[in-house]
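Undergrad: When you get a sec, could you give me coordinates for this:
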Amino acid sequence: MNKNSYMKEKNYLFLNKIIKMYDSIDVYGFFLMKC
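TA: Residues are numbered from 1 along each chain as shown. I've put the predicted structure just below:
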């Protein structure tokens, strides 16, 4: 595995984690607003 694809994979996982985090915050805020 070359270094470039390894870095791409790491960046992808990192972005994925941020997106998941943002999604859960979004849903949480939505529930707060509905209450």
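
Undergrad: I'd like to know which elements the helix or strand in which Asn4 is found is packed against.
TA: For Asn4, the host element (DSSP states H and E) is helix 3-34. Helix 3-34 sits against no helix or strand, with contacts defined as 3 or more C-beta pairs under 8 Å, 6 or more residues apart in numbering; DSSP states H and E. Where you see a C-beta, it was placed from the backbone N, CA and C, and this is true even at glycine.

Undergrad: what stretches of this structure score poorly on pLDDT?
TA: 1, 35 (pLDDT under 70).

Undergrad: one more time with 80, if that's ok
TA: 1-2, 24-28, 34-35 (pLDDT under 80).

Undergrad: Return the residues in contact with Tyr28.
TA: For Tyr28, the contact set (C-beta atoms under 8 Å, 6 or more residues apart in numbering) is empty.

Undergrad: quick one: Tyr28 and Met21, what's the gap?
TA: 11 Å (C-beta to C-beta, to the nearest Å).

Undergrad: List the buried residues of the helix holding Asn4.
TA: By neighbour count on 16 or more other C-beta atoms under 10 Å, the buried set for helix 3-34 is empty.
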